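[1] Just the structure for this:
(chains A and B)
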Amino acid sequence: MATMLAPFRALITHRQAIQIFVNRDIRGRYINSALGLWWAVIQPLALLTLYTFVFSSVMSVRLSASGTTGEFALYAFCGLLPWLAVADALTRSSSILLDQTPLIKKVVFPTEILPVHLVLSALIVEIIGLGVFLAVVVIGGRLPGWSLLLLPVVMALQFLFMTGIAWLLATLALYLRDVRQVVGLVLTLWMFLTPIVYPASMVPARYQWVLHINPMTAIVDAYRAALLDNQLPALTPFALFAAVAFIVFVSGHWVFMRTKPTFADLL
Amino acid sequence: MGSSAIEVDHVSKAYRLYPTPRHRALELMTFGTKTYHTNFWALADVSFRIAPGATLGLVGNNGSGKSTLLQLIAGIMVPTNGRIAVNGRVSSLLELGAGFNPEFTGRENVELYCIVMGMSREETMERLPAIQAFAGIGEFIDRPVKSYSSGMFVRLAFAAAIHVSPDILLVDEALAVGDVLFQHQCIRRIREMQASGTTIVFVSHDMGMMRSICTEAILLERGRIEAHDDPATIANIYHAKTANIEAAANGGARPRRDGDGAAAVVFREDSGFDERVRVFRHGTGAARIRQVELLDLQGRPLNSVEFDDEVILRVHVQYYEDAAFSILGFSIRDKTGTDIVGSNTHEENVPLPPRLAGSTVVVDFRQRLPLANGTYSVSTALAYDRSKPSYFDWVDNALVITVLPPESGKVVHGKVSLPVSIAVHAQ
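    Numbers count the residues shown, from 1 in each chain, chains lettered A, B, ... in the order given. Predicted coordinates:
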């Protein structure tokens, strides 16, 4: 029980430090660019435009025989937003401890908050993207339904899932520097194993199980249910994902804290 | 056992050295059933206890394990064998500004430091002004740390480390950086912390400083405790050990003597002086020391002093309120803050005349300085009561004096060389 509560307690204890770190990170992303924070808006807008163009004018992908091609751009973008956050946080967490060597070797510091702040930072960028997405959808004449209220729950679980993996990756990368190289490759593979830029229905029946065991499928499906379909996400996969997220979060923290005393030796 | 601030119990620390990173991976994959590393023992079977409020000096050559020991006490690393118990909040200054992000401002970095050290946001906001005043880097506090000089960096890092009111302060030679004034300021602050019961562990190569600050010392050699004794004894052992290593590098520039010759003694104020000593002064302010000068006997300003030179310490005082009685005094301190020489107008029976508001007085102290080479700071004070210490103005670090080694090559034993006559009675 104590092990299960420990990561939550850590978040509460260090909330102020986490807040400062997230704050610094968000500003750090854009601090030296002329447009500053506007980039958080421009980037998703540009991506959405690009997707719309590619999927409706070039590739003409349809979700179903009756669907429009513009529909698919929204579908893809909706899956892409959480994915980008995951990819960003995980890529960065694999090198965060190496980047922050002085903090680990020379200061008494709660290193466990380093991966956490990367996840939160990525999620905040994602939320700005979601804002842009919703604005576009509303301007397009489609009001989101009650299901939108479910999104915070989805994001909270996504946070647990991402943070758990981030802790694991950060630890592993200290023991094996090669992890940093591998993460990029694995993330590319993972993206294609998730129905982000293709509809799940395109996957042949005998490979459908890959989608089912992939927790990212549950995330993007939940996003689409909440944002596009005005539905509750399918209960079984979502409940399974919730359990996975919780287990990953707790075990990630456990591994991180168990190996933490050796960090200074490994750098 | 609960009475110790720090308890180190048979502690050893090994660093694992792998031939290549691949060997580390191999060992990891065999789950430790096969070993590919060799151990380097940075510390071997170290035990000691420090009482709360004590100041421990760690002495030893490079690679003797001082920094490893500090890191272990700080809790940054865990010992390979043995146990370390620490009671209280630890603040460490192991590396200057470690964890400061160069892109962000001094203020932001200090805020983060305080919060990471376990202070609340409100406490942090409360201490910020004090930290800012101590660091004395002015408007730079709101500029990115990357634009700081190394001196400013030290100031800010040290200011932050001491203002989180730790129970235990660990300092790893951080004080070696920074200018003389700041060193004096730091040492004064360390003395205050000692007085308030802070336990301090202090790594230094400066035996003089170690002797004057520490209450006990440990000499480390190749990861073992060579001796644990009072600072003076440890310093002697260390000196004896390093005597053959130390090169006699005592060049040093000769004093530069310039100026425009003797001038009439007139009151002069210097706004730069006020600005510079702002953080070093206290007192009622009814009268103020406006300028302190170091002059040779012809009245020309000096930058440095030859051993045993006679100099004039000229203090310019301005009264803002009527003062029937006042005493002006000075004290010359070495860089550990120990008073070496000093006196005042009352002690020497040269009373200051009663002064009206707006009037001034200039006092020359003529003093011979048979001091060991090094830097000294001058404190000056203007008191208004002979029976108890009450001051119009007290200014520390009013002036810094560099004393050069004797030209004759004579070695000064101790801090002051007093005349000695030797009679040899050969039988």
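[2] In chain B, which residue sits nearest chain A?
    Of the residues in chain B, the one nearest chain A is residue B:98, at a distance of 3.6 Å by CB to the nearest CB. (Glycine included, C-beta is placed from N, CA and C.)
[3] Now do the contacts for that residue.
    Residue B:98 sits next to A:102-103, A:105-107 when contact means CB atoms under 8 Å, 6 or more residues apart in numbering or on different chains.
[4] Now it: closest residue in space that isn't a chain neighbour?
    Counting by CB to CB, 6 or more residues apart in numbering or on different chains, residue B:98 lies nearest to residue A:106, which is 3.6 Å off, once chain neighbours are set aside.
[5] cool, residue B:336 as well?
    In this structure, residue B:336 finds its nearest non-sequential neighbour in residue B:212, 3.5 Å apart by CB to CB, 6+ apart.
[6] can I assume the one you found is in contact with residue B:333?
    No: distance between residue B:212 and residue B:333: 10.2 Å, which falls outside the contact criterion (CB atoms under 8 Å).
[7] what's around the residue in the stretch 101-250 of chain A that chain B sits nearest to, how many residues?
    Proximity of the stretch 101-250 of chain A to chain B (CB to the nearest CB) peaks at residue A:106, 3.6 Å away. In terms of burial, residue A:106 registers 23 neighbours under the definition other CB atoms under 10 Å in any protein chain shown.
[8] Regarding the residue of chain B closest to chain A, what is its secondary structure?
    Using DSSP: H, G, I helix; E, B strand; the rest coil, the structure places residue B:98 in coil.
[9] swap in residue B:353?
    Put simply, residue B:353 is coil when judged by three-state DSSP.
[10] What residues does the spatially closest residue to residue A:176 that is not a sequence neighbour make contact with?
    Nearest non-adjacent residue to residue A:176, counting by CB to CB, 6+ apart: residue B:25, 5.5 Å away. For residue B:25, the contact set (CB under 8 Å, 6+ apart) comprises A:175-176, A:178.
[11] ok, of those residues, which come out buried?
    The neighbour-count criterion (16 or more other CB atoms under 10 Å in any protein chain shown) marks A:175-176 among these as buried.
[12] excluding its backbone neighbours, what's nearest residue B:366?
    Counting by CB to CB, 6+ apart, residue B:366 lies nearest to residue B:312, which is 5.5 Å off, once chain neighbours are set aside.
[13] The one you found reaches residue B:296, doesn't it?
    Yes: contact between residue B:312 and residue B:296 holds when scored by CB under 8 Å: they sit 7.2 Å apart.
[14] need the longest helix for chain A.
    Using DSSP state H to assign secondary structure, the helix with the most residues in chain A is helix A:69-99.
[15] quick one: average pLDDT of that helix?
    Mean pLDDT, taken over the full extent of helix A:69-99, equals 88.
[16] list the helices and strands the next helix or strand after that helix packs on?
    Sequence order places helix A:101-106 as the next helix or strand after helix A:69-99, per DSSP states H and E. If contacts are counted by 3 or more CB pairs under 8 Å, 6 or more residues apart in numbering or on different chains; DSSP states H and E, helix A:101-106 sits against helix A:263-266.
[17] can you give me the helices for chain B?
    Assigned by DSSP H, chain B shows helices spanning B:21-29, B:66-74, B:106-116, B:121-135, B:150-163, B:180-195, B:207-213, B:231-242, B:271-277.
[18] How about the contacts made by the residue lying closest to residue A:259 once chain neighbours are set aside?
    When the adjacent residues along the chain are set aside, residue A:259 lies closest to residue A:171, with 5.1 Å between them (CB to CB, 6+ apart). Taking CB under 8 Å, 6+ apart as the contact definition, residue A:171 lies against A:97, A:255-256, A:259.
[19] And for residue B:117?
    Under the criterion of CB under 8 Å, 6+ apart, the contact list for residue B:117 reads A:108, B:89, B:91, B:164, B:166.
[20] ok, and the most crowded of those?
    Neighbour count (other CB under 10 Å) singles out residue B:91 as the most crowded of these, with 24 neighbours.
[21] could you check the distance from that one over to residue B:169?
    5 Å (CB to CB, to the nearest Å).
[22] What of residue B:64?
    21 Å.
[23] if you count what's nearby, which of the two comes out ahead?
    residue B:169 (23 against 20).
[24] hang on, that one packs against residue B:198?
    Yes: between residue B:169 and residue B:198 there is a contact at 5.7 Å, judged by CB under 8 Å.
[25] What parts of the stretch 51-200 of chain A come near chain B?
    The stretch 51-200 of chain A has residues A:100, A:102-110, A:175-178 near chain B, with proximity defined as CB under 8 Å from any CB of the partner chain.
[26] Max pairwise distance over these: which two?
    Greatest spacing in those, by CB to CB: A:108 and A:178 (29.6 Å).
[27] Export the residues of the stretch 51-200 of chain A next to chain B to TSV and append columns for distance to residue B:420.
    Conversion of these to TSV gives the following (distance: CB to CB, whole Å):
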residue	distance to residue B:420
A:100	58
A:102	52
A:103	55
A:104	55
A:105	51
A:106	48
A:107	51
A:108	51
A:109	55
A:110	59
A:175	65
A:176	68
A:177	65
A:178	70
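[28] Give me the below-cutoff pLDDT ranges for chain A.
    Low-confidence segments of chain A (pLDDT under 70): A:60-70.
[29] Show me what counts as buried in stretch A:183-191.
    Of the residues in stretch A:183-191, those buried under the neighbour-count criterion (16+ other CB under 10 Å) are A:183, A:187, A:190-191.
[30] Next, format the residues you listed as CSV and append secondary structure.
    As requested, these are exported to CSV (three-state DSSP):
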residue, secondary structure
A:183, helix
A:187, helix
A:190, helix
A:191, helix
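[31] what number of residues lie near residue B:65?
    If we define neighbours as other CB under 10 Å, then residue B:65 has 23 of them.
[32] And residue B:407, by the same measure?
    Each residue near residue B:407 was counted by other CB under 10 Å, and the total is 10.
[33] Excluding chain neighbours, what is closest to it?
    In space, and not counting its chain neighbours, residue B:407 is closest to residue B:306: 6.6 Å by CB to CB, 6+ apart.
[34] mind listing what that neighbour touches?
    B:255, B:403-404, B:406-407.
[35] what about the worst-scoring helix or strand of chain B on mean pLDDT, distance to the chain center?
    The helix or strand of chain B with the lowest confidence, counting by mean pLDDT, DSSP states H and E, is helix B:21-29 at a mean of 76. Using CA atoms, centre = their mean, to the nearest Å, the distance from the centre of helix B:21-29 to the centre of the chain it belongs to is 45 Å.
[36] quick one: buried residues of it?
    By neighbour count, with 16+ other CB under 10 Å as the criterion, the buried positions of helix B:21-29 are B:23-25, B:27.
[37] Pull out the buried positions in stretch A:20-28.
    Taking 16+ other CB under 10 Å as the criterion, stretch A:20-28 shows A:20-26 as buried.
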